[in-house]
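Engineer: Kindly generate the corresponding structure for this input.
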Amino acid sequence: MPSDGAALVGHIHKLLPEIPHIFQFRENVEKALISSYKMVQEIDSWDTA
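Structural biologist: Residues are numbered from 1 along each chain as shown. Next comes the predicted model:
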């Protein structure tokens, strides 16, 4: 288990510079999902109207 922890920490250290990009990417994905979800809801409301 300790060796796994050390490997994980090393992996995290390698990923640290990428973290802002990962968060930015996630934010963009969430915005895209929300906007497409709203679009689908609007289309659904047209169908039921």
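Engineer: use CA for all of it now, contacts and neighbours both
Structural biologist: Noted.
Engineer: ok, which stretches of the protein are strands?
Structural biologist: For the chain, no strands turn up when DSSP state E is the criterion.
Engineer: Name the spans of it whose pLDDT lies under the cut-off.
Structural biologist: Applying pLDDT under 70 to the chain flags residues 1-2, 49.
Engineer: And the helices in it?
Structural biologist: For the chain, applying DSSP state H gives helices covering 2-15, 19-48.
Engineer: At the geometric centre of this protein, which residue sits there?
Structural biologist: For the chain, the residue nearest the mean C-alpha position is Arg26 (3.0 Å; CA atoms, centre = their mean).
Engineer: Return the residues in contact with that residue.
Structural biologist: Not one residue lies near Arg26 by CA atoms under 8 Å, 6 or more residues apart in numbering.
Engineer: Now do the contacts for Asp4.
Structural biologist: Here Asp4 is in contact with no residues (criterion: CA under 8 Å, 6+ apart).
Engineer: how far away is it from Asp44?
Structural biologist: According to CA to CA, to the nearest Å, Asp4 and Asp44 sit 49 Å apart.
Engineer: What of Gly10?
Structural biologist: 48 Å.
Engineer: Pro20 too?
Structural biologist: Distance from Pro20 to Asp44, counting by CA to CA: 36 Å.
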